[in-house]
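Trainee: Provided below for reference: sequence and predicted model.
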Amino acid sequence: MPTLVLDREYFVNVFRDMLPFVDKESEHLQQLDSAIGDGDHGINLTIGFREVTKQLDTINEDAADISTIFKKVGMLLLGKVGGSSGPLYGSFFMKAGKDVTGKNEVTFDEFCGMLLNGIESIQLRGKAELGDKTMIDAFLPGAEVLKQDSPEDPVEKFTAFVEAMKEGAESTIPLIAKKGRAMRLGERAIGHKDPGAESAWMMMEVFLNRLKEAVSA
């Protein structure tokens with residue numbers, strides 16, 4: 001199977017798809033966050049990606065490479081998204097681009113490496129571990145899939161990555177929160193899914209949908 005190469009247009013299109021995604025899922029994320037947090041997770045993401053969408057064409061025109069596009073998107077989320085998700089997702093995208101400076105195309109393996117860098121930055125910034133009822137409970141199981149040196153084609157591997165993240169989000173339901181606002185609820189947080197874990201796998205599904213298009217093109 002030929003090596004899959006993803007160009008900057010792929011990433012720009014993914015970022016363009018983020019606003020329709022968060023608009024569609026905003027109410028669902030609001031409900032999850034209302035149960036154990038501030039109730040603004042969906043709204044915050046919508047505000048952040050609305051700004052990304054507004055500036056995306058300019059970012060793409062001015063950026064020298066994929067790394068710069070990720071850095072600019074991350075900085076916008078950092079500045080516009082409230083709560084803990086702004087710094088975490090902002091850091092995720094900024095760090096995801098760090099190893100692809102000067103590149104306007106990346107292989108699928110390089111793309112997996114970008115996501116692993118982003119996941120590492122979330123864990124470092126949030127200081128969360130598996131079982132703390134945070135987005136890390138989705139991201140770490142997904143990271144294990146990305147690290148596997150498997151012979152699967154890119155779509156199969158990325159689908160498995162998203163599925164592992166989705167299962168990780170489900171695993172937060174019976175947990176007591178050890179980080180963030182939900183921590184103050186103690187056992188009352190049991191029975192509720194972490195909104196950050198939910199938005200994390202959904203966001204990666206946006207990458208997957210565009211990946212399927214890239215492979216079939």
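Mentor: In hand now; what should we look at? Numbers count the residues shown, from 1 in each chain.
Trainee: these two touch, right, residue 194 and residue 131?
Mentor: No. With contacts defined as C-beta atoms under 8 Å, residue 194 does not count as touching residue 131, sitting 11.1 Å away. For every residue, glycine as well, the C-beta is placed using N, CA and C.
Trainee: Looking at these two, which has the bigger crowd around it?
Mentor: More neighbours surround residue 194 than the other of residue 194 and residue 131, with 32 against 14 (other C-beta atoms under 10 Å).
Trainee: Once you drop chain neighbours, what's closest to the more buried one?
Mentor: In space, and not counting its chain neighbours, residue 194 is closest to residue 172: 4.0 Å by C-beta to C-beta, 6 or more residues apart in numbering.
Trainee: ditto for residue 129
Mentor: With C-beta to C-beta, 6+ apart, the residue lying closest to residue 129 is residue 136, at 6.8 Å.
Trainee: Can you list the low-confidence ranges for this structure?
Mentor: Residue ranges of the chain with pLDDT under 70: 1-2, 35-39, 82, 151, 175-192.
Trainee: in it, which spans are helices?
Mentor: With helices called from DSSP state H, the chain shows them at 8-36, 41-62, 66-80, 85-96, 108-126, 136-147, 154-170, 195-216.
Trainee: Between these, which one is closest to residue 102.
Mentor: Distance to residue 102, taken as C-beta to C-beta, is lowest for helix 66-80 among those, at 7.4 Å.
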